[in-house]
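K.L.:
what's the 3D shape of this:
(chains A and B)
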2 protein chains.
Amino acid sequence: MTQKAIQDFYPDHFSRCYGCGRLNESGLQIKSYWDGKEGVCHFLPKPYHIAIPGYVYGGLIASLIDCHSIGTAAAAAYRAEGRPMGTEPRFRFVTASLHVDYLKPTPLGVSLELRSTVKEIKGRKVVVFTRLSAGGEVCATGEVVAVQMPEHLMPK
Amino acid sequence: MTQKAIQDFYPDHFSRCYGCGRLNESGLQIKSYWDGKEGVCHFLPKPYHIAIPGYVYGGLIASLIDCHSIGTAAAAAYRAEGRPMGTEPRFRFVTASLHVDYLKPTPLGVSLELRSTVKEIKGRKVVVFTRLSAGGEVCATGEVVAVQMPEHLMPK
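P.N.:
Numbers count the residues shown, from 1 in each chain, chains lettered A, B, ... in the order given. Modelled structure (predicted):
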């Protein structure tokens, strides 16, 4: 497993994200790691991240899948080029589309595990598939189409 | 336009949702209204709901589309039965799937408008399509498959 989170390699300009920016003190601080085969993320929802009593809010699940998939896409892009994470030019992806299937209610109060695999890398696009589980049971799956950030959004 | 938000008709047990529960003080307090044709929601993101500087976090957009679509599904279900909102038996939907297409970056600092239409009502399922716009420009679209909450999750 990598020691430093994928998101912690993002340049400062891209580290304000509410989901995963290390510089956003109000944010969720989602952290993703690469275990050699998959992107892995653990996250313990706060008690107020509730949908109905006892279960996790679906919008939080969507947020976790979103940021973790984008991080996994960046890790995959570096790997595809045989470059260490964080080397120049930096990869930074944005979400073109997000799909979540909520398979069963996700229990609140336990750490969630997300495991992401790369389905496709083609040009500037990476497609990432994610399973979100609680206590070993898959509660939701997600697919994110990640694309490299357009040039006009990159800092000068 | 309805005067009272759709979510404010939810019973207390279902009003703790981080996205739209009136009883969740840490939550987003998303409010949806029915204008006679569409479900309508306005929401001003906080400055920390950022993706990259100047733009709204995609996970927040997913959350808005989720809760607003679920509210719109409930309004549609009452309408289909010719019953006023909040009458018994109450309708409460959960999200079976959520799909979001991010068409362009959504600017931060302006009120977002979500407009939802019902694509299909069949049995316990309602399919809702949503356009999210900022300053009159559609920045994202979403489709939610909403299903009536399973009996075992309903309060006794």
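K.L.:
Enumerate the residues of chain A near chain B.
P.N.:
A:13-14, A:16-19, A:21, A:24-28, A:46, A:48-53, A:55, A:57-60, A:62-63, A:66-67, A:94-102, A:105, A:149, A:153 (C-beta under 8 Å from any C-beta of the partner chain). The way it works is simple: take the backbone N, C-alpha and C, and place the C-beta from them, glycine included.
K.L.:
can you do 7 Å?
P.N.:
Within chain A, the positions near chain B by C-beta under 7 Å from any C-beta of the partner chain are A:13-14, A:16-19, A:24, A:26-27, A:48-53, A:57-60, A:62-63, A:66-67, A:95-102, A:105, A:153.
K.L.:
Tell me the buried residues within the residues you listed.
P.N.:
Listed as buried from the residues of chain A next to chain B are A:14, A:16-19, A:24, A:27, A:49-52, A:57-60, A:62-63, A:66-67, A:95-100, A:102, A:105, A:153; burial here means 16 or more other C-beta atoms under 10 Å in any protein chain shown.
K.L.:
spatially speaking, which residue is in the middle of chain A?
P.N.:
The residue lying closest to the centre of chain A (C-alpha atoms, centre = their mean) is A:H68, at 0.8 Å.
K.L.:
And for that one, nearest residue in space, chain neighbours not counted?
P.N.:
Leaving aside its sequence neighbours, A:H68 sits nearest to A:C41 (C-beta to C-beta, 6 or more residues apart in numbering or on different chains; 4.4 Å).
K.L.:
Could you export the helix or strand hosting the one you found as CSV, CA atoms only?
P.N.:
Counting by DSSP states H and E, the element that carries A:C41 is strand A:39-43. In CSV, the C-alpha atoms belonging to strand A:39-43 read as follows (Å, rounded to 0.1, in the frame of the first residue of the first chain):
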residue,chain,number,x,y,z
GLY,A,39,-7.5,2.0,-5.2
VAL,A,40,-8.5,1.7,-1.5
CYS,A,41,-10.2,4.2,0.8
HIS,A,42,-11.5,3.9,4.3
PHE,A,43,-13.9,6.4,5.7
